[in-house]
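K.L.:
how would this look folded up:
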Amino acid sequence: MFGLGGLLIVLSVAFATSSFRKRTESVEALKSSEERFRDLAEISSDWVWESGPDGRFTYFSDSFVRQTGFPKEHLLGKTREDFAVRVSGDEEFWKHHRRALAERRPFRDVRYRYRRPDGTTGWTSIRGSPVFDADGNFRGYRGAAREITQRMNEEQELREAREAADAANRAKSDFLSNMSHELRTPLNAILGFGQLLKYNPKEPLTEIQASNVDIILKAGQHLLDLITEILDLAKIEAGKIALSIEGVSIRALFDEVRTMIAPAAEKSRIALEIVPPEPDILIRADHTRAKQALLNLMSNAVKYNFEGGRVTVKATEVPGSRIRVSVADTGAGIPPDKQSELFQPFNRLGAEATGIEGTGIGLALTKKLVEMMDGAIGFESEIGVGSTFWVEWPLSAGQDKPAQKSQWARFPGLQAETAIPFPAGTILYVEDNPENLRLVELILKPINGVTLLTADNAELGLLIAADRKPDMIIMDIGLPGMNGFQALEKLKGDTCTSAIPVVALSANATDHDIARGTQSGFFRYLTKPIDVGQFLSTVRDVLKGRS
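P.N.:
Take a look at the predicted model:
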């Protein structure tokens, strides 16, 4: 039997053995944990780092060496800013990062440049958290980082590609606007002076002269239609046509197009049978472009019909919650061997040899417009019977408000407008093109009580406006020096001229130009070539409102 002393010895040995075993197990566990941590750190795509309270690095995992090419010793004892490549514009970033470190805040995805041993520049992304001991004393930071040079290069390439695409789109937009302006400017003189010659009651033309002027006007209008359609087609290809999708009334669409196509149908003794739906139907479409598409189809149905023929227009609901609008004619029909060539720009399928006018763009443009509105287009044709072209649009869900009719319609011409009395008033026309100045002078000359003032630049126009305070100002946009938009801003900012209505008259006639003009505060935005009837109607409306 052990005595008390022996028992105490045995217990002491047992306790020491147990304590040693626990310490050994603890050391082994810690060693295993450290090995596991380092193994994970080495196989990770990130590298692990530590820094002391002074921000100097105290540890890097081997991944740092593999990914950056630097030996660890290169940065141990140094700070992050010793590693970074400083470039202009980075100072704000570094101020923000220093503030985060000073406030002992964690941080994530902090990106900066560094220079590799071979002299090339790389990018790294770091994240870190502050480390505190058991007493709450700050011990430094611990975190991870990764090499992101490839990602940053890809993002830079994407930005450059986007910027290049944006620049190309701006160039296309500028080209379309400039082309529209340059082509419409000479046409303004051709069509404007042609209308003056045709509708001049004081100096009537002979029958031969009137016939010649009709040819000039007809050819000028054909050229204007061609220019408009080519530019529309180019705008679609460039992605520059903006659509306003809304609820469009089929009945209102039929009424508008009937008004526009009826004169041509009557001239060729074509019977128009336009059947509005009962009750009315709303489609989801852009009102202006839907009207343009339907007008193109109806114009072709009249143009390629026989004299005394018929055009039938109707709307029916088809599967898929869609509305089909069909335009049927009683013309010669399209030969089967040419039907595959439809909808190709500039291809008139031999009609250019018949004397029937056309541009060869209308159907191609219509197809693109309809498809942009989530619609479809097709046709059926039989030789000797006629053709039926149809377009389909999505049916409106019912929550859309009907689109408002356009406030502009084509006016019948100078003769009808001058027959209506004009209020007296003074008009200032700011225009640098002498031919355009002369044209407007001749348009307004026969009107009693209207005084015209002119200026060939915006600066002079502003002086005249402030001195004479005209009842209205007609402003060109593409003026030398100060342009029309800048001049409008000056006029609106001066109490002497701010109340004077300013009407834009410009060859800048794209949708973007017109929208910008309307938003800028012009009373109205008229485009060249001048439609004399529309021009006079606008002048009369403004003067009437000022009287």
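
K.L.:
And the strands in the stretch 51-200 of the chain?
P.N.:
57-60, 107-115, 121-132, 138-147 (DSSP state E, counting those that start in this stretch).

K.L.:
Out of those, which is closest to residue 160?
P.N.:
strand 121-132 (16.1 Å; C-beta to C-beta). The way it works is simple: take the backbone N, C-alpha and C, and place the C-beta from them, glycine included.

K.L.:
Which strands border the closest one, and is each parallel or antiparallel?
P.N.:
Next to strand 121-132 in the sheet, as set by DSSP bridges, lie strand 107-115 (antiparallel), strand 138-147 (antiparallel).

K.L.:
Just say helix, strand or coil for residue 504.
P.N.:
With DSSP: H, G, I helix; E, B strand; the rest coil as the basis, residue 504 sits in strand.

K.L.:
about what we covered before: any chance of the strands of the stretch 51-200 of the chain in a markdown table with mean neighbour count, distance to residue 219 and mean pLDDT as columns?
P.N.:
A markdown table is the format used below for the strands of the stretch 51-200 of the chain (neighbours: other C-beta atoms under 10 Å; distance: least, C-beta to C-beta, whole Å; pLDDT from 0 to 100):
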| stretch | mean neighbour count | distance to residue 219 | mean pLDDT |
| --- | --- | --- | --- |
| strand 57-60 | 18 | 81 | 92 |
| strand 107-115 | 15 | 64 | 90 |
| strand 121-132 | 17 | 63 | 92 |
| strand 138-147 | 18 | 68 | 93 |
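
K.L.:
just the strands in the stretch 201-350 of the chain please.
P.N.:
245-249, 271-275, 282-286, 310-318, 322-329.

K.L.:
Show me which of the ones you listed has the highest average neighbour count.
P.N.:
Mean neighbours per residue, mean count of other C-beta atoms under 10 Å, is largest over those for strand 282-286, with a mean of 24.

K.L.:
Now do that strand, average pLDDT.
P.N.:
Across strand 282-286, pLDDT averages out at 90.

K.L.:
and what of stretch 512-529?
P.N.:
Rounded mean pLDDT across stretch 512-529 is 89.

K.L.:
Let me see the residues that make contact with it.
P.N.:
If you take C-beta atoms under 8 Å, 6 or more residues apart in numbering as the criterion, stretch 512-529 is touched by 173, 177, 180, 184-185, 187-188, 190-192, 220, 224, 240, 242, 436, 472, 475, 477, 485, 488-489, 492, 501-509, 534-535, 538, 542.

K.L.:
Pull out the buried positions in that stretch.
P.N.:
The neighbour-count check on stretch 512-529 (16 or more other C-beta atoms under 10 Å) flags 512-514, 516-517, 520, 522-529 as buried.

K.L.:
Contact partners for the closest residue to residue 81 other than its chain neighbours?
P.N.:
Excluding the flanking residues, the one nearest residue 81 by C-beta to C-beta, 6 or more residues apart in numbering is residue 94, at 6.8 Å. If a contact means C-beta under 8 Å, 6+ apart, then residue 94 has 81, 84, 86 as its contacts.

K.L.:
how far away is the residue nearest to the last one when sequence neighbours are not counted from residue 141?
P.N.:
What it means is residue 86. In this structure, residue 86 finds its nearest non-sequential neighbour in residue 94, 7.8 Å apart by C-beta to C-beta, 6+ apart. To residue 141, residue 94 is 16 Å away according to C-beta to C-beta, to the nearest Å.
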